[in-house]
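A.B. asks: Take a look and give me a structure for this.
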Amino acid sequence: MRQEGADSRAEHEKNGRPAPVVADPIQQKVKTYTLGGSLGMVMLVVGLAMAFNAGVWYLLGPQKALEFLGGYLIEFSLSIDNLFVFIMIFTAFGLSEHAQHRTLNYGIIGAIVMRFIFIFFGLKIIERFEWVLSVFGVLLIVSGLKMFAKRKEGKDPSDSKVIRALRKCIRMTPDYVGDKFFVKLEGKVHATPLFAVLVLVECSDVMFAIDSVPAIFSITTDLLIVYTSNVFAILGLRQLYFVLRHLYDRFRYIKYGVAVILVFVGVKLCVLFFDKHIPTEISIGFIAGALALSVIVSLIISGIKNRKEKKNV
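C.D. replies: Numbering: from 1, shown residues only. Here you go, the predicted model:
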């Protein structure tokens, strides 16, 4: 990203945002992810997940393999909505490519740790109070319905309560300082706006974990299957992010497919209260179908809009 002048910085500060990242020569050498390269890496990570699934099939049997596949599909689909939030955050704060890479890396590490904590304590609660699954189901249904009702215009992430609270609690530089989270000024440690972005990313990870961890409980409560399917879905987030960033305008309607999946798994958990069980095979088919249909609809609608825009030009 090119260096901004004094006027640009003043304008950003006037609007309550930090000035864009000023990249140094070392940062400018960072590899820029192309759509083809990012898509290839996503396919590699998906391939590794399927290879692991084959190992689960061989060692633990077909039922556990189906549970892993179902869990992986749920976590992968919910991760897409998570990444759209990341794109919105990074765009609002004007992060450079290098800063996005660094923040994503730390965000993914934090997501793995937080998912493990949520999974571990979630399973302990379910072991003692099985009826909690129905509560999780209701929460997922509500989350899914909220996604349908959510307005297109979201609030500016840079004006969020988290960022405002952070600025009141710690010293923070007005501008980015390369890709550093903390710097020392006049003998005192100051956080940079990039640290605020990281906190916002981690907070969004917590919010999405509240949805995604209970969702996988609709497939299985086996700790190994739950955690490994989550880890494989998270490992592909970095590459998937750059794919979605390139295709953001074409995949905007995927969130509705994710909303349908949330409602479905919520219903699946709720019916357990009545000793009813939706087979894993049906769950996998529904989740894969909803995700695929949302992608197709997104491509069709974006294609129609692009043709209309070209005609109007």
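A.B. asks: If we ignore the residues flanking it in sequence, what's nearest Gly137?
C.D. replies: Leu269 (3.1 Å; CB to CB, 6 or more residues apart in numbering). For the C-beta atoms, the positions are set from N, CA and C on the backbone; glycine is no exception.
A.B. asks: Tell me, what's the model's pLDDT at the one you found?
C.D. replies: Listed pLDDT for Leu269 reads 85.
A.B. asks: what helix or strand does it sit in?
C.D. replies: Using DSSP states H and E, Leu269 maps to helix 254-270.
A.B. asks: quick one: low-confidence parts of the stretch 201-313 of the chain?
C.D. replies: Counting by pLDDT under 70, the ranges of the stretch 201-313 of the chain that qualify are 313.
A.B. asks: still on that earlier bit, can you list contacts of the helix holding Leu269?
C.D. replies: Residues from elsewhere that reach helix 254-270 (CB atoms under 8 Å, 6 or more residues apart in numbering): 74, 77-78, 80-81, 84, 133-134, 136-145, 147-148, 150, 211, 214-215, 217-219, 278, 283, 286-287, 290-291, 293-295, 297-298.
A.B. asks: still on that earlier bit, what's the burial count for the residue nearest to Gly137?
C.D. replies: 25 (other CB atoms under 10 Å).
A.B. asks: begin at 55 from here
C.D. replies: Okay, residue one is now 55; in that scheme the one you just asked about reads as Leu323.
A.B. asks: Please report the distance of it from Asp259.
C.D. replies: Remark: distance between Leu323 and Asp259 (CB to CB, to the nearest Å) = 22 Å.
A.B. asks: Leu347 now?
C.D. replies: 27 Å.
A.B. asks: With neighbour numbers in mind, choose between these two.
C.D. replies: The neighbour comparison of Leu347 against Asp259 (other CB under 10 Å) goes to Asp259, with 24 against 15.
A.B. asks: Give me the secondary structure label for the more buried one.
C.D. replies: helix (DSSP: H, G, I helix; E, B strand; the rest coil).
A.B. asks: list the contacts for the nearest residue to it once chain neighbours are set aside?
C.D. replies: Nearest residue to Asp259 in three dimensions, chain neighbours excluded: Ala165, at 4.5 Å (CB to CB, 6+ apart). Ala165 is in contact with Glu256, Asp259, Ala263, Ile288, Leu291, counting by CB under 8 Å, 6+ apart.
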